[in-house]
Each structure stands twice: as structure tokens, then as C-alpha cells.
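Asker: could you look at this predicted model? Sequence included:
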Amino acid sequence: MPKPILVLNCGSSSIKYQMIDTEGEELLAKGLVQKIGDTKPGTIDHEVLTGEPGEYHIDQQLPDHETALAGVFQMFRDHGPNLDATIAVAHRTVHGGDRFAAPTLITDEVVDTLIELSPLAPLHNPPGIAGIKAARKLLGNVPHIGIFDTAFFVNLPADAYTYALDTELASKTRLRKYGFHGTSHQFVSQEVAKFLGRDDLKQIVCHLGNGASISAVDSGHAIDTSMGLTPLAGLVMGTRSGDIDPGVMGYLHRELGMDVDAVDAELNKRSGLLGLTGHTDMRDVRAAIDAGDERARLGMDVYTHRLAFYIGGYATLLGGLDAITFTAGVGENAAEVRSEVCARLGIFGVELDEEANKVRSKQARLVSTPGSKVAVLVVPTNEELAMARQSVELLAAN
Ligand SMILES: Nc1ncnc2c1ncn2[C@@H]1O[C@H](COP(=O)(O)OP(=O)(O)O)[C@@H](O)[C@H]1O
Ligand SMILES: CC(=O)OP(=O)(O)O
Ligand SMILES: [Mg+2]
């Protein structure tokens, strides 16, 4: 009998989910819900990979996360696998603040604390909490576990996480760098160590998805990462600006009368690749570049400039560099991004094997030349599997 865990990743307008058998780690089902809270009908795509495999799609009005999850559960009831066998539900919870580091059994008290932490991640935590509440209602008889994006970074050195702000103000408001995508940075850096057969690696992980972040990992410990108090800092992302002069906020307010919410929305939702090129998706940016669009070309240059800047800085902080790894939607698929970033890293003796880099594969792989002073890898991330593993550990310890 399989002992499945349901893993939920609730975003503001989407839910990604997987059902994973904890014995043997087989993926039993996965799915994606889109356009939650939209005036237009939302979509639920459900794929069953066990028993009688199949793919199912429905269009349905999805005013909130509770309706969306009810739709997902209906998919399970109509097409399988059997939800009754589920032993636990794992929830990706973006911001654990300074309260949560390890995977945590969710109680009413934990939910209250997460609500308190919400202002720290206004775009990410509220949908996560909505998902937790809805799932606990629909599947009340199994443990629910929170896994925090910030967890891998709780032990960053103080000089990495401290902002140059008034100490009292910072401590009163818990203002510091927290870092995000930690489940992915940890999973991928461990996969790299396995792949290269060494634990004592100085490595940089580039998680380039719609949200994007980069981390420096020394012998398994994160020593710096690009996201900050919120997931807005650092790299250029699909719609987020990443690093800008903090003076931009006051400037936009004074010049255009934009209030704080308007500036926040501008930087989070209309900036990044979208603001630079008119496209959020890297495939569309690439198509525009190929069609001679100069705005898209500049957008890509800003994107790789920022990446190279961080890689150079992190190599210095690490005091050496053994491996650079690309992961997530862009990192795993966009060969041109890897190629253009690596072309900026000659000073470190990075040499990409352009042919190997072009090969499409779902496997972890080396894409640098044998002579490269730094190994360059592509490693698929699997945040859901990492979450399932951490949940199993927590359940075993209780
Ligand atoms: N084949 C591809 N080539 C280039 N970029 C891709 C490809 N497939 C996906 N992407 C990029 O990956 C992004 C999604 O990455 P993902 O890691 O799934 O993000 P998130 O988890 O933040 O939704 C897309 O927005 C797109 O930019
Ligand atoms: C924290 C974060 O940026 O997450 P995502 O990439 O899912 O938006
Ligand atoms: Mg992601």
C-alpha cells in the first residue's frame, strides 16, 4: 500500500501540487491550478501517473483558494489516486520570519503566528495561509506540515543578513535579510555534492524561475543569498525588479504621487523582464531577441549583468569557487541564458561546453569543459520531493 503525501505550493493566483509516495518516492499525481481569484474561469490540470494514468482538465470559476482546492480534491475523487490513503499534507510556506526554521506541524497557533508574519511577505504568505486553512478543512484527519522557504538561510552570518539601518529600528521590526527558495537551494546544492562526489564544495546555486534568487553555499551551509526581507530583492525576475536604489520609492512618490501600495505593485508586478521587455516568460523574451527586438536584447543583458555581478561577489565571499549550478524553469531550460552568463565569467576560468549546454535533458548534468576551473551544472530542482522528504523526517520524529 502506498503511503502518499500531498504537497501543496499555493501562490497568489495558482496552486501547484504533487502526490508523492513516501515509500519509494514515486510521483503518483501532479497538477496545476491557475487563475484563482480571476474574473475569468480558472483552470485545473490534473495528471495521474499511477494505476490508470491520465490527464484531466477543467475550466471553472475559482473565486478563492478554498474553491480551488475543493476542485483539486474533486479531481482526486473523480480520477484518483485515492485521497483517503494520504498520510500528511505538506505546505510550502514562504516566510517563516524568525519564528520557524524547521518543518513544523501546523496547529491553530501556528496559523495565527503565520498571519502575524504576513506583512513580511504580503504577496506570498496570504495565499499560503489560505491554502493551509482550506486544506485543513477538506482533509482534517491527517497532519499538516509547514515547510519554510526561509529555513535554509536562518543561519546566515550576521554580516550577510544585517541591513545598514538603525539597529534598534531593525530589531524592533525584525528587519533583516531572510532569503527565499531555500528548499530549492538546499536540495540542488546537495544534488551537486552527490554529483561531484564531494561535500566540501564552494558553490553558487542560481534558482532562475519566475521568481529568481542566487545563493552561496560553503560545504552545505548557505553563507549569502540575494533575496531579502521580502522576495523582491536581488536578481531580475519575471515581474519583480530585484535590486534597485531604495531612493526610487521616494522619487516615484514625489514625482508621480504614487503611494506605497502603488510603488510596491509596480516593483513586484510590472517590473523585471516584463517591465524591460514587455514579456514575463523567458521563451517570449528569446523569441523577441531573435526577431531583432532591441528592448528585449537590453532586458536580457540587464538580466545576465545582474547574475554575473552576484556570482563575482559570491565567489569572493566564498573565498573560491568549485561549482555554479543553474536550476528552475529558466535555469534548467534556457541554454542561451547559461551561455551568456558564463561568457561574462572568464576571469574565474569558467569555460562552458557549448554543445553539452545545448542538450535538453531532465537529468542533472555537467555543461562545462574538462578544462574549466569551475564546474558548471544544470540540476533540475524538485521542491516538492524535498518537502515530502522533510515531512517524512518530521513524522518519524514525532
Ligand atoms: N523551455 C524554456 N525555455 C526558457 N525558459 C523557460 C522554458 N520553460 C520555462 N521557462 C521559464 O521558466 C519560468 C517558470 O519557472 P518556474 O521555475 O516554474 O517558476 P515558478 O516556480 O516561479 O512559477 C517561465 O516563466 C519561463 O520564463
Ligand atoms: C519566494 C518566491 O519568490 O517564490 P516564487 O518563485 O514561487 O514566486
Ligand atoms: Mg518556483
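Answerer: Nice, I can see it. Ligands and ions are numbered 1, 2, ... in the order given.

Asker: shaky segments in the protein?
Answerer: Of all residues in the chain, none has pLDDT under 70.

Asker: near ligand 2, which residues of it?
Answerer: For the chain, the residues in contact with ligand 2 (Cβ under 6 Å from any ligand atom) are 11, 94, 124, 149, 180, 181, 209, 210, 211, 231. No exception for glycine: its C-beta is placed from N, CA and C like everyone else's.

Asker: OK, contacts around the residue of the stretch 101-250 of the chain found nearest ligand 2?
Answerer: Nearest residue of the stretch 101-250 of the chain to ligand 2, counting by Cβ to the nearest ligand atom: residue 211, 2.3 Å away. Contact analysis of residue 211 by Cβ atoms under 8 Å, 6 or more residues apart in numbering lists 180, 181, 231, 237, 238, 240.

Asker: from residue 50, how far off is the fifth one?
Answerer: For residue 238, the distance to residue 50 (Cβ to Cβ, to the nearest Å) stands at 32 Å.

Asker: out of the two, which sits in the busier spot?
Answerer: More crowded of residue 238 and residue 50, by other Cβ atoms under 10 Å: residue 238, with 21 against 15.

Asker: SS state for the more buried one?
Answerer: For residue 238, the assignment made with DSSP: H, G, I helix; E, B strand; the rest coil gives coil.

Asker: mind listing what it touches?
Answerer: 209, 210, 211, 212, 272, 273, 274, 280, 281.

Asker: give the buried subset of those as a ChimeraX selection command.
Answerer: Per 16 or more other Cβ atoms under 10 Å, the buried members of those correspond to this ChimeraX selection:
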select :209,210,211,212,272,273,274,280
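
Asker: is it true that residue 96 touches residue 150?
Answerer: Yes: counting by Cβ atoms under 8 Å, residue 96 touches residue 150, with 4.6 Å between them.

Asker: tell me, what's touching these two both at once?
Answerer: Counting by Cβ under 8 Å, 6+ apart, the contacts common to residue 96 and residue 150 are residue 178.

Asker: got the end-to-end distance for stretch 250-270?
Answerer: End-to-end distance for stretch 250-270, by Cα to Cα, to the nearest Å: 18 Å.

Asker: not counting it itself, show me its contacts.
Answerer: 122, 123, 232, 239, 240, 241, 244, 248, 249.

Asker: and the strands in the stretch 201-350 of the chain?
Answerer: Ranges of strands within the stretch 201-350 of the chain are 202-208, 212-218, 221-225, 323-327, based on DSSP state E, counting those that start in this stretch.

Asker: give me the distance between whatever residue of the chain ends up closest to ligand 1 and residue 66.
Answerer: As assessed by Cβ to the nearest ligand atom, ligand 1 sits closest to residue 329 within the chain, at 2.0 Å. According to Cβ to Cβ, residue 329 stands 28 Å off from residue 66.

Asker: same check, this time on residue 231
Answerer: Taking Cβ to Cβ, one finds residue 231 at 24 Å from residue 66.

Asker: residue 96 too?
Answerer: 23 Å.

Asker: with residue 372 instead?
Answerer: For residue 372, the distance to residue 66 - Cβ to Cβ - is 51 Å.

Asker: can you name the two of the contacts of residue 211 that sit furthest apart?
Answerer: 180 and 238 (14.5 Å; Cβ to Cβ).
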